[in-house]
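In: sequence isn't available, so here's the structure alone:
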């Protein structure tokens, strides 16, 4: 990944998304554990670049998206959201999710930690996902005065509707086996890498054209959802993020206290 300069020291800043390549598989690793790999403007921009580089690489058959630290992705960077420094906000997230769905290479999520809120949108956008026994999942938006608006575009076409209704509303935490049951992930595995091995070997045998065209077939409905709903759901999300209730919810979360509506 291209490194950016530190404003405070002038030295190159460590990349928030690192890249490696082995036998046809490009791995993009979210490397911002200090904020639980939150979707900051910088991380989103670096992930866009990593995806574009992988798409342009004739030697890449598939992309693995994984993480450093105990959290795959915590969703929106609430420090940016509450300070007003988020650049593209919900529309930027929609563009990132669509970039994953439209990428002409299959994208495979390797999850060994926690996934919350917008991070679940990354899983929904990936073609295949394998989660380990330490992985946990929760749609926490309603507890913050928000809603899983933008991430619904890749998720709702793939999730069990009754499960979506439950977990969207309650914010309950659930594990990898339940995530696989409801369609959030492809496979729950005691050993994530052992679970990934046959998947990656299969992808290595695919031709670039065969993989790209096959992916178009299984993502067609998701892309129609993006075409239809992006503007409305990005507007809804931006309105909620700008509300007084959401500001209280996000501030309470950052301050580790209960929001005003909890009795």
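Out: Okay, I see it. All of these numbers come straight from a predicted model, not from anything done at the bench.

In: helices and strands around the helix or strand harbouring residue 193, which ones?
Out: Assigned by DSSP states H and E, residue 193 falls within helix 192-204. Identification of packing neighbours for helix 192-204 by 3 or more Cβ pairs under 8 Å, 6 or more residues apart in numbering; DSSP states H and E yields strand 25-30, strand 62-67, strand 107-111, strand 128-131. Backbone N, C-alpha and C define where each C-beta goes, glycine included.

In: buried residues of it, list them for me.
Out: 192, 195-196, 199-200, 203 (16 or more other Cβ atoms under 10 Å).

In: before we move on, what about stretch 255-263?
Out: residue 259.

In: which residues sit against the helix holding residue 193?
Out: Defining contact as Cβ atoms under 8 Å, 6 or more residues apart in numbering, one finds that helix 192-204 is touched by 23-25, 61-62, 64, 106, 108, 110-112, 128, 130-132, 187, 189, 211.

In: mind redoing it with 10 Å?
Out: Here helix 192-204 makes contact (Cβ atoms under 10 Å, 6 or more residues apart in numbering) with 22-25, 61-64, 66, 105-106, 108-112, 127-135, 176, 186-189, 191, 211.

In: ok, then the element right after that helix?
Out: Downstream of helix 192-204, the next assigned helix or strand under DSSP H and E is helix 208-241.

In: and residue 250, what does it touch?
Out: Each residue near residue 250 by Cβ under 10 Å, 6+ apart is listed here: 76, 78-79, 81-82, 144-146, 241, 259.

In: who are the packing partners of the lowest-mean-pLDDT helix or strand in the chain?
Out: Across the helices and strands of the chain, the lowest-confidence element by mean pLDDT, DSSP states H and E is helix 78-83, at a mean of 80. Secondary-structure packing of helix 78-83 (3 or more Cβ pairs under 10 Å, 6 or more residues apart in numbering; DSSP states H and E): helix 208-241, helix 244-254.

In: what's the nearest residue to the most centrally placed residue in the chain if we skip its chain neighbours?
Out: In the chain, the residue lying closest to the centroid (Cα atoms, centre = their mean) is residue 122, at 2.2 Å. With Cβ to Cβ, 6 or more residues apart in numbering as the criterion, residue 122 has its nearest non-adjacent residue at 5.7 Å, and that residue is residue 73.

In: from residue 30, how far out is the one you found?
Out: 6 Å (Cβ to Cβ, to the nearest Å).
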